[in-house]
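K.L.:
Structure for the following, please:
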Amino acid sequence: MPIVNRVADLTADITAWRRDLHAHPELLFDVHRTAAAVAEKLKAFGCDEVVTGIGRTGVVGVIKGRKGGERVIGLRADMDALPIEEATGLPYASTVPGKMHACGHDGHTAMLLGAARYLAETRNFAGQAVVIFQPAEEGGGGGKEMVDEGMMDRFGITEVYGMHNYPGMPVGQFGIRPGPTMAAADYITIDIEGKGAHAARPHLGIDPVLVGAQIIVAAQSVVARNVDPLKSAVVSIPMFRAGTADNVIPQTVQLRGTVRTLSEEVRVFVEKRLRELVEHTAAAYGAKATFTYRRNYPVLVNHARETGYAAEVAGQIAGAERVDIDLPPMMGAEDFSFMLNARPGAFIWIGNGDSAGLHHPAYNFNDEAIPFGTSYWVKLVETRLKG
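P.N.:
I've put the predicted structure just below:
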């Protein structure tokens with residue numbers, strides 16, 4: 001089944017909504033304009049219930065099918081932008097200095113709004129469709145806050161689905177996989193205390209810069225020599241804060257970085273091994289080190305049955321040959337993982353064509369993807385909630 005005819009008719013409106021959102025980006029939980037626009041549209045569409053303020057600034061709309069039924073499906077889109085200066089030169093480019101929709105959340109929100117409008121008009125399903133508009137995906141954990149506030153139980157959600165655009169994948173194609181799909185993202189801080197000294201007399205001090213450098217090099221051995229080569233982990237330490245003068249060995253140094261893993265087993269092991277390595281390396285040089293490991297987003301794990309449903313529906317829209325059902329997992333992170341930990345569901349990728357990469361100043365969501373993504377949402381509801 002190709003793009004839904006009514007969705008094709010709505011594409012111009014959805015595109016206009018998307019471009020308006022793109023011109024007015026907001027960060028993290030501070031998505032007040034976006035959330036207000038979403039809530040206003042959901043009410044205008046005739047949703048049976050519209051609730052704001054979930055997860056601080058999240059919005060939820062409930063659409064009841066005309067056939068009754070107990071099953072409730074949640075569809076989630078993210079609303080927040082990024083602290084990046086836009087460099088697209090588009091007529092609808094960001095009007096807010098230092099902020100832009102560099103990850104396509106404007107497109108995700110607009111496509112789900114389009115689906116909500118269609119579903120509220122037709123109601124050709126049994127049960128309820130719950131459209132979820134989430135703040136603070138970009139590092140704020142808005143998905144976790146919505147779950148922690150009891151969203152799943154409050155709206156009786158039995159399955160939940162998410163979607164994200166994929167630069168480099170042709171428009172009109174989808175990608176998905178069962179099991180671990182995106183990595184857990186955790187953060188490390190290493191505070192090293194040595195003994196300051198003049199650079200000309202290093203033997204009178206304990207150089208925390210040297211200790212930090214040794215730790216950075218040694219940290220790579222955790223992945224290279226301690227983690228099973230058939231499993232995945234990334235340790236990156238991009239921040240090294242040290243010193244204020246070129247002839248003074250500082251007293252302290254701070255390193256900051258991230259750890260990415262695709263299983264809880266590896267996640268636990270890497271934390272333990274890094275802690276040992278940091279503390280023992282510092283001690284070997286006579287310094288002290290404090291290792292802080294902050295867990296952030298967990299591994300995003302697609303449920304097998306629901307992944308099958310999602311792939312089948314995507315195939316109805318794009319053709320089965322245009323749905324990659326074994327897309328390689330990625331080491332990026334997504335807080336939709338919290339929702340998949342709370343309910344069975346699946347996260348699918350939709351092609352964005354030959355665009356700049358995510359989080360790049362030249363990125364732009366491809367409006368040609370809108371009819372495919374919106375059709376996927378409506379057919380997912382009508383297929384899973386068939387009366």
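
K.L.:
OK, contacts around the closest residue to Gln128 other than its chain neighbours?
P.N.:
Excluding the flanking residues, the one nearest Gln128 by CB to CB, 6 or more residues apart in numbering is Val72, at 4.5 Å. Just so you know, the C-beta spots here come from the backbone N, C-alpha and C atoms, and that holds for glycine as well. Going by CB atoms under 8 Å, 6 or more residues apart in numbering, Val72 touches 127-130, 155-159.

K.L.:
pLDDT wise, what is Met1 at?
P.N.:
At Met1, the model reports a pLDDT of 52.

K.L.:
oh sorry, the question was meant for Val4
P.N.:
For Val4, the predicted pLDDT is 86.

K.L.:
how about the nearest residue to it, chain neighbours excluded?
P.N.:
Once flanking residues are discounted, Val4 sits nearest to Ser375: 4.6 Å by CB to CB, 6+ apart.

K.L.:
How about Glu306?
P.N.:
Nearest one to Glu306, counting by CB to CB, 6+ apart, is Ala346 at 4.4 Å.

K.L.:
What number of residues are in the vicinity of the one you found?
P.N.:
28 (other CB atoms under 10 Å).

K.L.:
swap in Gln254?
P.N.:
Gln254, neighbours per other CB under 10 Å, totals 15.

K.L.:
what sits against it?
P.N.:
189-192, 239-242 are the contacts of Gln254 under CB under 8 Å, 6+ apart.

K.L.:
after the one helix or strand it maps to comes which helix or strand?
P.N.:
Secondary structure from DSSP states H and E places Gln254 in strand 252-261. Downstream of strand 252-261, the first helix or strand assigned by DSSP H and E is helix 264-284.

K.L.:
the inter-axis angle of that next one versus strand 252-261?
P.N.:
Per axes from the mean of the first three to the mean of the last three CA atoms, to 10 degrees, the angle that helix 264-284 makes with strand 252-261 is 160 degrees.

K.L.:
Tell me how far the following helix or strand past helix 264-284 lies from the chain's centre.
P.N.:
Note on helix 264-284: by DSSP H and E, the next helix or strand toward the C-terminus is strand 288-297. Distance of strand 288-297 from the chain centroid (CA atoms, centre = their mean, to the nearest Å) equals 22 Å.

K.L.:
out of the contacts of Val72, who has the most neighbours?
P.N.:
Ala129 (28 neighbours).

K.L.:
where's that residue relative to His105, distance?
P.N.:
The gap separating Ala129 from His105 is 20 Å, by CB to CB, to the nearest Å.

K.L.:
which of the contacts of Gln254 count as buried?
P.N.:
When neighbours are counted using 16 or more other CB atoms under 10 Å, these contain these buried positions: 190-192, 240, 242.

K.L.:
Who does the residue nearest to Glu306 form a beta bridge with?
P.N.:
As for beta bridges, Ala346 partners with Tyr161 under DSSP bridges.

K.L.:
do the one 5 residues further on as well
P.N.:
In this entry, Gly351 is beta-bridged to Tyr166, by DSSP bridges.

K.L.:
can you check Ile188 too?
P.N.:
Counting by DSSP bridges, the residues bridging with Ile188 are Gly257, Tyr293.

K.L.:
Could you measure from it over to Pro180?
P.N.:
From Ile188 over to Pro180 (counting by CB to CB), the distance is 21 Å.

K.L.:
ok, back up a step: would you list the phi and psi of the residue nearest to Gln128?
P.N.:
Phi and psi for Val72, reported as degrees, to the nearest 10, are phi -130, psi 120.

K.L.:
ok, now how distant is the residue sitting nearest the centre point of the chain from Tyr309?
P.N.:
Note on the chain: the residue nearest the mean C-alpha position is Glu334, at 2.9 Å, using CA atoms, centre = their mean. Note on Glu334: its distance to Tyr309, by CB to CB, is 19 Å.

K.L.:
same check, this time on Leu300
P.N.:
17 Å.

K.L.:
between the two, who's got more neighbours?
P.N.:
Between Leu300 and Tyr309, counted using other CB under 10 Å, Leu300 has the larger neighbour count: 27 against 19.

K.L.:
And that one, what's its pLDDT?
P.N.:
98.

K.L.:
where in the protein is pLDDT low?
P.N.:
1 (pLDDT under 70).

K.L.:
So what does Gly175 have for phi and psi?
P.N.:
Dihedral angles (degrees, to the nearest 10) for Gly175: phi -140, psi 140.
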